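Student: With the input below, show me the fold.
(2 chains)
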Amino acid sequence: MKDISLHILDIAQNSISAKASVIAINITDSINQNIYSVEIIDNGKGIPSEMMPTITDPWTTSRITRKVGLGIPLFKQNAELTGGHFSIESEVGIGTQLKATFIKDNIDCLPQGDIQGVLLMLVFSNTEIDFSYTFTTDKGEYTFDTNEIKQVLEGVSILQPEIKKYLKEMLAENIKELY
Amino acid sequence: MAKIKSLADLQKMKADVQNKVDLREKGDAVDKLVQVKVSMATCGIASGAKQIMEFFMDELDKRNIGAVVTQTGCMGYCYAEPTIEVTLPGQEPVVYGYVDQSKADDIIEKYIKNGELVDGIIPQNYETIDDKK
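Tutor: Numbering: from 1, shown residues only, chains lettered A, B, ... in the order given. Purely as a prediction, here's the structure:
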């Protein structure tokens, strides 16, 4: 993957396939601590315990269309290349938690990429799922929660062009404030 | 400095939008809409599916075509990513492979608007090597 945002898009897709109804993505970007970390927590069906030992193995996949599953291994590899770490925990019926930490000043650290674009794409193409995004930087914290947004909208579709445009601007401005 | 947009303003905006929506939604039943599914597994994303999906979302809005753009998993055509599946109302779905931005534009202009097939269709009877065993 060319940047971290694409990894997030990829891994979130796993949560969607696991039929999650709530997906939380927490991003910490700290120059002081020299880390960029991504945490993805879902309430999907979870990973069976017999699969967990080999979950970061590229030959492990639940898919039947092909025999390889590269999403998790690639994310792990890119995080570890920077000297960071990667962890995944899961319980069947409860959900999955995954965390990748990148060391920011390492030359192998991927750029962040179009994080806003990715996060909104997830929201707009999976309207039945509640997404909650939290951004933490040295300057502060911002949470973007589609459940709150849906309550404010009271039944008006989040997909209306005016609303989409507004949410794009709202997310972009609030993230910009954190830098 | 301008005020940062917040949920409170969204609430104010809602009423305006509501009125417009009522007009728009007449005749907007989902089965009358064009459906575009973009394959978004690791293989698709690595080949640029995100740009293609954004292109469809933006352009279909801009060109005033009622459409639902969604993500789907890997369709098994990893070699031909990015792949998309287009379903015109009342027709069988068609899968296109190697979709870049100019191909996407062709698909909107020719296939979605006029129903003319565009190059690069992955036939439904395509079998992967595994299936042939």
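Student: interface residues of chain A facing chain B?
Tutor: Contact residues, chain A versus chain B (Cβ under 8 Å from any Cβ of the partner chain): A:1, A:6, A:9-10, A:13, A:16-17, A:63, A:65-66, A:69-71, A:74, A:114, A:117-118, A:121, A:124-126, A:148-149, A:152-154, A:156-157, A:160-163, A:166-167, A:169-170, A:173-174, A:177. Where C-beta positions appear, they are placed from N, C-alpha and C, glycine not excepted.
Student: Settle this for me: residue A:17 is touching residue B:74, isn't it.
Tutor: No. Using Cβ atoms under 8 Å, residue A:17 makes no contact with residue B:74, being 9.8 Å away.
Student: between the two, which one's more packed in?
Tutor: The neighbour comparison of residue A:17 against residue B:74 (other Cβ atoms under 10 Å in any protein chain shown) goes to residue B:74, with 21 against 16.
Student: What residues of the top helix by length along chain A count as buried?
Tutor: Under DSSP state H, the helix in chain A containing the largest number of residues is helix A:161-177. By neighbour count on 16 or more other Cβ atoms under 10 Å in any protein chain shown, the buried set for helix A:161-177 is A:163-164, A:166-167, A:170-171, A:174-175.
Student: Would you mind pulling up the elements that it packs against?
Tutor: Counting contacts by 3 or more Cβ pairs under 8 Å, 6 or more residues apart in numbering or on different chains; DSSP states H and E, helix A:161-177 packs against helix A:115-125, strand A:140-145, helix B:7-25.
Student: right, so of these, which gets closest to residue A:32?
Tutor: Closest to residue A:32 of the helices and strands packed on helix A:161-177 is strand A:140-145 (Cβ to Cβ; 13.0 Å).
Student: The closest one pairs with which strands?
Tutor: Strand A:140-145 pairs in its sheet with strand A:130-137 (antiparallel), by DSSP bridges.
Student: Look up how far residue A:104 lies from the closest residue to chain B within chain A.
Tutor: Of all residues in chain A, residue A:65 sits closest to chain B, at 3.6 Å by Cβ to the nearest Cβ. Residue A:65 is 36 Å from residue A:104, where distance means Cβ to Cβ, to the nearest Å.
Student: Can you list the low-confidence ranges for chain B?
Tutor: For chain B, the stretches with pLDDT under 70 are B:1-2, B:21-31, B:125-133.
Student: Pull up the residues of it that are close to chain A.
Tutor: Within chain B, the residues that sit near chain A (Cβ under 8 Å from any Cβ) are B:4-7, B:9-11, B:13-14, B:16-18, B:20-21, B:40-43, B:45-46, B:50, B:53-54, B:57, B:61, B:69-71, B:73-76, B:78, B:128, B:130.
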